[in-house]
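Chemist: next input, structure requested:
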Amino acid sequence: MPTILIIEDEAKMRRLLELNLGDDGFKTLSAGDAETGLKLLASEPVHLVLTDLKLPGMNGLEFLQAAKQQNHALPVVVMTAFGSVETAVEAMKAGASDYVLKPFSLAEIRMVVHKELDNSRLREENRSLREALGQKYSHPNIVAISPKMQEVLATVERVAPTNSTVLLGGESGVGKDLIARAIHEKSRRASGPFVKINSTAIPENLLESELFGYEKGAFTGATTSKPGKFELADKGTLFLDEIGDVPPAIQVKLLRVLQEREFERLGGMRTIKVDVRLLAATNRDLRAALEEGTFREDLYYRLNVVPIDIPPLREHKEDIPGLANLFLARFAKDSGREEKITGISPAAMQLLTSHYWPGNVRELQNVIERASALAVGTQLEASDIQLDSPRNRTGAASDRFLPDGMTLDQWEDEMIREALKRANGNKSQAARLLGLSRNALRYRLSKIGIDDNETE
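Modeler: Sure, this is the predicted structure:
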């Protein structure tokens, strides 16, 4: 039960308060003067102080100021005579929680004490909650000042301790791999392995053996047996990036692993059981892939247990300064230029925050790395920031939604050409960058006069 310190120079009143508050279940300490009260406060855990303002030696107001120096959050209720309301108001300004006027009823004292203890408890709970929230919605290497990214990290915090499969969605470059790693590091599997595989980085005919392993002699060149990513991730987490590009035959095996936690290696007969949590990511609309028949519906619902959509950088521009400074510090350190590059000029930061960022956080990272390598001054200037066209999708003083001089069709055509350029002419990869189906890209290519069979 809470401990209450009573400071009252009248012995009868002090004893009456001790008995009355003791009957309510409180532990009481008492003193006849402020000096003794301060000694008790320093030696005993106290939850509330009830003190008279008129005391011998140090008065109650002086005691209040000294007590608040010891513990700013300690609730102090002062007692004062009816004619000394001004003194009570002065005590409130000095930090008293409440005051009662003498003569008072014992019922009034009990009511004030209970109220202040409840208020104190609520303040402490709110403080603890704010601290917990501040820790909850943060993670190393992830800048999340904006409400949208705070929401992402809040979901990460809630889902991480579970074994639920998570499907991360979002455009290319938004940081899905960082969110996947955050889920792993906040999970009960954090001490286990975190294994990542990108299905688009591995040829289709090798993806099955990479995921599930193979036995000796399974195919030409298989001179030894090799475990796959699922075996390597046992008791940990497997992050499968670009799940939307997994071929239908492998989708069947993935579904079985998710349902039964078992599989066979390529060319093997032995059933292998694993304890793996699967995190998947895609920059495609898997629901559109369902309608096109390129993605299994049963696998989709197995993967989409907890969906987390990561917003594009243009939708949380509040995070750009923090991200830019994080990348600058990292690259300056790696290049040994910590003492030369100290920051980013306001003009350069304005240029960064006004850019559309079609490549999202990855593009920002590349821009800062390039600027850090080429800058000659002590900070990054606007002239050091080289942005890919189209630049400045919206200017600070412009109400235009599209870049100056561009129509929507022209903007779309430029995005298609930019995607083809980044994909080195690979139409399938360009379609993935644009979040389009192959047929949808073929139609748009015909509109702008590019032969779909043309090699670029």
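
Chemist: tell me the SS of A347?
Modeler: helix (DSSP: H, G, I helix; E, B strand; the rest coil).

Chemist: quick one: the residue of the chain positioned farthest from its centre from L436, how far?
Modeler: In the chain, counting by CA atoms, centre = their mean, K12 sits farthest out from the average C-alpha position, at 58.0 Å. If you measure K12 against L436 using CB to CB, to the nearest Å, the figure is 87 Å. Just so you know, the C-beta spots here come from the backbone N, C-alpha and C atoms, and that holds for glycine as well.

Chemist: next: K253.
Modeler: Distance, K253 to L436, by CB to CB: 27 Å.

Chemist: cool, and K93?
Modeler: 66 Å.

Chemist: one more: K421?
Modeler: Relative to L436, and taking CB to CB, K421 is found at 16 Å.

Chemist: immediately after the strand or helix carrying I197, which helix or strand?
Modeler: Secondary-structure assignment from DSSP states H and E places I197 in strand 194-198. With elements assigned by DSSP H and E, the helix or strand that comes after strand 194-198 is helix 204-212.

Chemist: buried residues, the helix or strand following that next one. List them.
Modeler: Where DSSP H and E defines the elements, the next helix or strand beyond helix 204-212 is helix 229-232. If you call a residue buried by 16 or more other CB atoms under 10 Å, then helix 229-232 has these buried ones: 229-231.

Chemist: Throw these into CSV and include distance to E124 and pLDDT, thanks.
Modeler: Output for those, formatted as CSV (distance: CB to CB, whole Å; pLDDT from 0 to 100):
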residue, distance to E124, pLDDT
K229, 47, 93
F230, 47, 93
E231, 49, 93
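
Chemist: can you get me a residue count around L206?
Modeler: Residues near L206, counting by other CB atoms under 10 Å, number 12.

Chemist: I meant T282, not that one.
Modeler: 24.

Chemist: show me what the strand holding I197 is packed against.
Modeler: In terms of contacts (3 or more CB pairs under 8 Å, 6 or more residues apart in numbering; DSSP states H and E), strand 194-198 is packed against helix 176-185, helix 229-232, strand 237-241.

Chemist: now do the last one: everything it contacts.
Modeler: With contacts defined as CB atoms under 8 Å, 6 or more residues apart in numbering, strand 237-241 is touched by 176-177, 180-181, 183-184, 187, 189, 192-200, 229-230, 246, 254, 276-281.

Chemist: repeat that for 6 Å
Modeler: Strand 237-241 has contacts (CB atoms under 6 Å, 6 or more residues apart in numbering) with 180, 184, 189, 194-198, 229, 276-281.

Chemist: highest neighbour count among those residues?
Modeler: Comparing the contacts of strand 237-241 on neighbour count, L279 comes out first with 29 neighbours (neighbours: other CB under 10 Å).

Chemist: could you point out which residue ranges in the stretch 301-450 of the chain have low pLDDT?
Modeler: Scanning the stretch 301-450 of the chain for pLDDT under 70 picks out 334-339, 389-407.

Chemist: all helices of it, in order?
Modeler: 320-334, 346-354, 360-374, 408-422, 427-434, 438-447 (DSSP state H, counting those that start in this stretch).

Chemist: what's the most buried one of those helices?
Modeler: helix 427-434 (a mean of 20; mean count of other CB atoms under 10 Å).

Chemist: and the angle from that one to helix 438-447?
Modeler: 100 degrees (axes from the mean of the first three to the mean of the last three CA atoms, to 10 degrees).

Chemist: and helix 427-434 with helix 408-422, angle?
Modeler: Going by the same axes, to 10 degrees, helix 427-434 makes 120 degrees with helix 408-422.

Chemist: distance from helix 427-434 to the middle of the chain?
Modeler: 30 Å (CA atoms, centre = their mean, to the nearest Å).

Chemist: which elements pack onto it?
Modeler: Other helices and strands packing on helix 427-434, by 3 or more CB pairs under 6 Å, 6 or more residues apart in numbering; DSSP states H and E, are helix 408-422.

Chemist: neighbouring contacts of the helix it packs on?
Modeler: With contact meaning CB under 6 Å, 6+ apart, helix 408-422 is reached by 402, 430, 433-434, 444, 448.

Chemist: out of these, who's nearest A371?
Modeler: L433 (23.9 Å; CB to CB).

Chemist: so who does that closest one touch?
Modeler: L433 neighbours (CB under 6 Å, 6+ apart): 172, 419.

Chemist: check the gap between it and E204 for me.
Modeler: Note on L433: its distance to E204, by CB to CB, is 19 Å.

Chemist: of all the contacts of strand 237-241, the one with the weakest confidence?
Modeler: Checked by pLDDT, the contacts of strand 237-241 have N198 as the lowest-scoring entry (89).

Chemist: kindly state the beta-bridge partners for it.
Modeler: Going by DSSP bridges, N198 is paired in beta bridges with D241.

Chemist: check which residues of stretch 197-213 are buried.
Modeler: Applying 16+ other CB under 10 Å to stretch 197-213 flags 197, 199, 207-213 as buried.
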